[in-house]
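Q: predicted model follows, preceded by the sequence.
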Amino acid sequence: MPDIAYVNGRFGPLADAVVNIEDRGFQFGDGVYEVMRTYRGQPFSVEAHLTRLERSAQALQLSTGHTAAQWTSLIHEGLRLSRFPETKIYLQITRGRAPRDHPFPIDLAPTTVLTFRELHPLEASVRNAGVQAITIDDIRWGRCDIKSVNLLANVLARQRAKEAGVFEAILIREGMVTEGSVSNVVVVRNGVIQTAPEGHRILSGVTRAIVLELARKEGLPVSEAFVSREELLAASEVFLTGTTVEVLSVVRVDGQVIGDGAPGAVSRLLSARWNALIG
């Protein structure tokens, strides 16, 4: 079962895929991306991911290269060719190839890329125990709502987490929690589920939106408002949401125990509802 890539109209082995050195994605990070996954071999929530992709592309005045229906067809074709039990799907669009100059070139064909790799879900033991996190300064640019390929700040944050021996780095800007380096962050305070609001300061996740809707269906109060680092540490529960982490409890932040040091009732309930949703 090979890792598969689609580049500008052609499928082939991932190891053979190439992009021109003058591509603006390489030269400037001038592009956007999405990450999707499968459940039982079927891509999950493709429409929502492609809607966010279009929104990101529009913010950069960037052509997506294909319609949503065409992208969906290509995703299914890649899954057919790769044949993994579960697959991580990466979609990237850059402005394309042009001599290196900062302004947008005129009439440039975008570079379109899909990759298909086997997905290895988190071990059940990790989910049952919960994970640890650290907090660090959020040094990202001012339009975090655009899913840009400019990810150096996220890379640095993730590296800090790795060096600290924890799962995630939770980003703090002006004293307030924004999100994680690869996830959205949710806290439970006084029985209320609270997470940073949509806007330029966060990338609003597809999983985040679904989990908040599941919470509302359970009659749980939800507040989309920033929390401080102090409120984060004092929360009864903290959990992460994301395409690959799904609903994942955080039991320690900066070495401090959250709640009773185990996944809490709210995160366990929402994880169970998530599992029921994906079947």
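A: Done, it's in.

Q: residue 241 bridge partners, please.
A: When bridges are taken as DSSP bridges, the partners of residue 241 come out as residue 184, residue 247.

Q: so it versus residue 193, what's the distance?
A: 11 Å (C-beta to C-beta, to the nearest Å). To be clear about C-beta, it is placed using only N, CA and C from the backbone, and glycine gets the same treatment.

Q: check residue 84 too.
A: Taking C-beta to C-beta as the measure, residue 84 falls 34 Å from residue 193.

Q: give me the below-cutoff pLDDT ranges for the stretch 151-279 of the chain.
A: Under the criterion pLDDT under 70, no range of the stretch 151-279 of the chain is flagged.

Q: and the helices in it?
A: In the stretch 151-279 of the chain, the helices defined using DSSP state H, counting those that start in this stretch lie at 152-164, 206-217, 229-234, 265-278.

Q: and the ones you listed: which comes nearest residue 72?
A: Smallest distance to residue 72 across the helices of the stretch 151-279 of the chain (C-beta to C-beta): 15.0 Å, for helix 206-217.

Q: the inter-axis angle of that closest one versus helix 265-278?
A: If you take axes from the mean of the first three to the mean of the last three C-alpha atoms, to 10 degrees, helix 206-217 sits at 110 degrees to helix 265-278.

Q: what's helix 206-217 packed up against?
A: Judged by 3 or more C-beta pairs under 8 Å, 6 or more residues apart in numbering; DSSP states H and E, the packing partners of helix 206-217 are helix 46-59, strand 184-189, strand 192-195, strand 222-224, strand 237-242, strand 246-253, helix 265-278.

Q: which outside residues touch the last one?
A: To tie it back to what came earlier, the one meant is helix 265-278. With C-beta atoms under 8 Å, 6 or more residues apart in numbering as the contact definition, helix 265-278 has outside contacts at 39, 44, 127, 188, 193, 210-211, 214-215, 217-218, 220, 237, 239, 246-247, 249, 263.
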